[in-house]
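Asker: I would like the atomic coordinates for the input below:
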Amino acid sequence: MKKARRVATSMLVTFAFVAAGGAMLRSQAQTQSSGTSGENISSADNTKMNAQERDKYAPTADQQRENRSDRDTTKQIRQSIVADKSLSSYAHNVKIITQNGAVTLKGPVRSDDEKRAIEAKATEVAGENKVTSELNIKPKQ
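Answerer: The predicted structure follows:
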């Protein structure tokens, strides 16, 4: 009888912690969605940027080829970009799409220097005349 009571008590305590945690998460989500947290939540919203990429003929990230060569090319370019700590987080997160050896770069970067650096890294991996740059410059505001 005592063992059953201890198990029941443990279950109630666990349930209370889970319920309290869920309530806290809901509260935080509501605070963030209402914009009262003091942060500009919309700054991370790139919906407008993605809308520009809806041209049905333009390559998108979901069109990345799954063959080993294209995956390796994309991986090498990404590793080269991320290893360069002088680049902004915008630059570290550009889209790299490889299709049959041809690379397309998309997304915002902070400066013309970053744009050139990323293009050079991609060209070094993919080869001359195999890189299409659709990078755009979005300076800090």
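Asker: and the helices in this structure?
Answerer: Listed in chain order, the helices found in the chain under DSSP state H are 2-34, 47-52, 68-83, 89-92, 112-126.
Asker: so how far is residue 124 from residue 67?
Answerer: Residue 67 sits at a distance of 21 Å from residue 124 (criterion: CB to CB, to the nearest Å). Any C-beta I mention is one placed from the backbone N, CA and C, and that applies to glycine too.
Asker: ok, now residue 101?
Answerer: 14 Å.
Asker: what does residue 4 give?
Answerer: For residue 4, the distance to residue 124 equals 68 Å [CB to CB].
Asker: likewise for residue 87?
Answerer: Shown here: residue 87 relative to residue 124, a distance of 15 Å by CB to CB.
Asker: the two: which is more packed in?
Answerer: The residue with more neighbours, out of residue 87 and residue 124, is residue 87; 21 against 13, by other CB atoms under 10 Å.
Asker: which phi and psi values does the more buried one adopt?
Answerer: Residue 87 has phi and psi values of phi -80, psi 150 when expressed as degrees, to the nearest 10.
Asker: that one and residue 114 touch, don't they?
Answerer: Yes. Contact criterion CB atoms under 8 Å: residue 87 and residue 114 qualify, at 5.6 Å.
Asker: tell me how many other residues crowd the closest residue to residue 140 other than its chain neighbours.
Answerer: Spatial nearest neighbour of residue 140, excluding adjacent residues (CB to CB, 6 or more residues apart in numbering): residue 110 at 6.6 Å. Look at residue 110: counted by other CB under 10 Å, it has 16 neighbours.
Asker: just checking, residue 110 touches residue 89?
Answerer: No. Look at residue 110 against residue 89 with CB under 8 Å: they stay out of range, at 9.0 Å.
Asker: name all residues that make contact with residue 106.
Answerer: Contact analysis of residue 106 by CB atoms under 8 Å, 6 or more residues apart in numbering lists 53, 94, 95, 97, 134, 135.
Asker: what's the neighbour count on residue 99?
Answerer: 13.
Asker: now it: how far from residue 136?
Answerer: Taking CB to CB, one finds residue 99 at 21 Å from residue 136.
Asker: now swap in residue 106 and tell me
Answerer: 9 Å.
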